[in-house]
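Colleague: Here is the input, now give the coordinates:
(one chain, ligands or ions: 1)
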Amino acid sequence: MILKLSGVGLTHANGQVALSDIGLEIAPGERVAIIGPSGAGKTSLLRLLATAQRPNAGRIEILGADPWALSAAARQRLRARIGLIHQTPPLPPRQRVVTAVLAGKLGQWSLPRSLLNLVHPLDTASAAATLARLDLSEKLFEHCDQLSGGQLQRVGIARVLYQEPELILADEPVSAMDPVLAGHTLGVLSEEAARRDITLLASLHAVDLALAHFPRILGVRAGHLIFDLPSAALGQPELDALYANEQLQPTAVPTAPHLPHIPRC
Ligand SMILES: Nc1ncnc2c1ncn2[C@@H]1O[C@H](COP(=O)(O)OP(=O)(O)OP(=O)(O)O)[C@@H](O)[C@H]1O
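Modeller: Numbers count the residues shown, from 1 in each chain. Sure, this is the predicted structure:
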């Protein structure tokens, strides 16, 4: 298994319980979407899998290792094998797009090579080719603060494609994109995962995109994994239970597979 969790719990420093008793196994090459309402614990789960946070309970295995049983240096090497796509990529505003994309391999390069790359981008052709896949090649030499939210998200994705990790974790990777671009971008990520036979795990608010691009869907609600189903088996009762909100007036709940209304952040 590429990811294995048993009895995993996460409580934040302020006492907020984000995840409880999560059990999960994901095999190499699987493409899995995480869906669920706001505050359900999707980001917390991805942060655990990225080893950005340590669980308070249970066992976790990532790429065959318990990250918290490793030395700090070994954990850093493990992180270099994971590509993490953020909803809002944490890119320096004045950094050029080409440098931001090439930084995907910083964890694999020597320090001198990394420093040289900051001054003089070393592999501009590959950065341009990666951006072209995401229809963004014309932004190669722009600064990150000159981009829209959706363009910045595509730079974050290009960086991870260039990194060529063994596992891609994506937190709301297309939330700032229009529906057509969002579908195209998830298609690129899925193709990459299939071509390199790597695992892709993404949280999404758009249920239609999850169903269209991911064969397996995890439903998370109030920190619990409430279903783990093939997308073909996911029906309206599961979606109704997942998105039920007792505190709000009833409104349209996303329906599968063709949604008239797509919830997005
Ligand atoms: N750093 C933090 N400190 C304290 N509580 C946190 C922290 N991060 C998240 N939480 C809480 O943990 C719970 C799960 O949050 P999380 O961000 O994982 O949800 P989510 O499903 O990703 O939500 P969204 O869809 O709105 O992004 C929420 O109750 C949230 O308020």
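
Colleague: tell me which parts of the stretch 1-150 of the chain are close to the ligand?
Modeller: Contact residues, the stretch 1-150 of the chain versus the ligand (C-beta under 6 Å from any ligand atom): 12, 14, 16, 18, 36, 38, 39, 40, 41, 42, 43, 44. Where C-beta positions appear, they are placed from N, C-alpha and C, glycine not excepted.

Colleague: try it again with 8 Å
Modeller: Proximity of the stretch 1-150 of the chain to the ligand, by C-beta under 8 Å from any ligand atom, involves residues 12-14, 16-19, 36-47, 87.

Colleague: Can you tell me which of the residues you listed are buried?
Modeller: When burial is judged by neighbour count using 16 or more other C-beta atoms under 10 Å, the buried members of these are 18-19, 36-37, 40-47, 87.

Colleague: near the ligand, which residues of the stretch 151-265 of the chain?
Modeller: With C-beta under 8 Å from any ligand atom as the criterion, the stretch 151-265 of the chain comes near the ligand at residues 171, 172, 203, 205, 220, 223, 265.

Colleague: Could you pull up the residues touching the one residue in the stretch 51-200 of the chain that gets nearest to the ligand?
Modeller: Among residues of the stretch 51-200 of the chain, the one nearest the ligand by C-beta to the nearest ligand atom turns out to be residue 172. It sits 6.6 Å away. When contacts are counted by C-beta atoms under 8 Å, 6 or more residues apart in numbering, residue 172 is found next to 42, 43, 87, 203, 204, 205, 265.

Colleague: Next step: those restricted to helices.
Modeller: In helices, defined here by DSSP state H, the members of these are 42, 43.

Colleague: Just flag the most distant two among the residues of the stretch 151-265 of the chain next to the ligand.
Modeller: Taking every pair in those and measuring C-beta to C-beta, the maximum separation is 19.0 Å, between 223 and 265.

Colleague: Could you check which of the two is surrounded by more residues?
Modeller: When residue 223 and residue 265 are compared on other C-beta atoms under 10 Å, the one with more neighbours turns out to be residue 223, at 21 against 10.

Colleague: Let me see the ranges of the helices in the stretch 1-150 of the chain.
Modeller: According to DSSP state H, counting those that start in this stretch, the stretch 1-150 of the chain carries its helices in the segments 42-49, 72-79, 97-102, 111-119, 124-133, 149-163.

Colleague: Pick the most buried one from those helices.
Modeller: Per residue and on average, the most neighbours among these fall to helix 97-102, with a mean of 25 (mean count of other C-beta atoms under 10 Å).

Colleague: Report the backbone C-alpha coordinates of that one in PDB.
Modeller: Output for helix 97-102, consisting of C-alpha atoms alone and laid out as PDB, is shown next (Å, rounded to 0.1, in the frame of the first residue of the first chain):
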ATOM      1  CA  VAL A  97       6.900  31.700 -12.800                       C
ATOM      2  CA  VAL A  98       9.800  29.800 -14.400                       C
ATOM      3  CA  THR A  99      11.700  29.700 -11.000                       C
ATOM      4  CA  ALA A 100       8.500  28.700  -9.200                       C
ATOM      5  CA  VAL A 101       8.000  25.700 -11.500                       C
ATOM      6  CA  LEU A 102      11.700  24.600 -11.400                       C
END
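
Colleague: just the strands in the stretch 101-250 of the chain please.
Modeller: Remark: strands assigned in the stretch 101-250 of the chain by DSSP state E, counting those that start in this stretch are 167-171, 199-203, 216-221, 224-230.

Colleague: Strand partners (parallel or antiparallel) of the longest one?
Modeller: Sheet neighbours of strand 224-230, with direction, are listed as strand 216-221 (antiparallel) (DSSP bridges).

Colleague: now what about the partner strand, what contacts it?
Modeller: Residues lying outside strand 216-221 but in contact with it, judged by C-beta under 8 Å, 6+ apart, are 24, 30-37, 40-42, 45, 210-211, 225-231, 234, 238, 241-242.

Colleague: of the residues you listed, buried ones?
Modeller: A residue is treated as buried here by neighbour count (16+ other C-beta under 10 Å); on that basis the buried members of these are 24, 30-37, 40-42, 45, 210-211, 225, 227, 231, 234, 238, 242.

Colleague: Good, we can wrap up now.
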